[in-house]
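In: Need the 3D shape of this:
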Amino acid sequence: QVQLVESGGGSMQAGGSLRLSCAASGSTYSICSMGWFRQAPGKEREKVAEFTPDSGETTFADSVQGRFTISRNDAKNTLHLQMITNSLQPDDTGLYFCAARTCSSPSYDVWGQGTQVTVSS
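Out: Numbering: from 1, shown residues only. Sure thing, here's the model as predicted:
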């Protein structure tokens, strides 16, 4: 079993920066990919970033490309989503979830509880 816990959300004005963290525990060896998703009120959930631990490959949604980056701390089994300084926009507001796809699953099957990000203009 894998458990995920997000942290780092908050409220800020446009142009700020933020780093979200996702701490994984349990059977982390079974993780084949990890992702960050967000859901804004009245909108569908959107995958904003994906990371493959084995290859180190990262992909980003067009809406955040160039503004968000991913880094990891293997010693702490933690994945960070960094929102670059001066890049946050009100449209980035939403509940951000960390998720993992275990290698036995075709889709993301482990989810964190979410952390709220609110960006005001």
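In: Other residues contacting the helix or strand of the chain at the bottom of the mean pLDDT ranking?
Out: Using mean pLDDT, DSSP states H and E, the weakest-scoring helix or strand in the chain turns out to be strand 78-83, at a mean of 82. With contact meaning Cβ atoms under 8 Å, 6 or more residues apart in numbering, strand 78-83 is reached by 17-24, 34, 36, 48-49, 51, 67-73, 92, 96, 98. Using the backbone N, CA and C atoms, a C-beta is placed for each residue, glycine as well.
In: Equivalent analysis for stretch 92-103, please.
Out: Here stretch 92-103 has contacts from 2, 4, 6, 9, 20, 22, 24, 27, 30-41, 43, 45, 48, 64, 79, 81, 83, 107-119, using Cβ under 8 Å, 6+ apart.
In: are any of those residues buried, and which?
Out: 2, 4, 6, 9, 20, 22, 24, 31, 33-38, 48, 64, 79, 81, 83, 108, 110, 112, 114-115, 117, 119 (16 or more other Cβ atoms under 10 Å).
In: Among the residues you listed, which ones are in strands?
Out: Among those, DSSP state E puts 2, 4, 6, 20, 22, 24, 31, 33-38, 48, 79, 81, 83, 110, 115, 117, 119 in strands.
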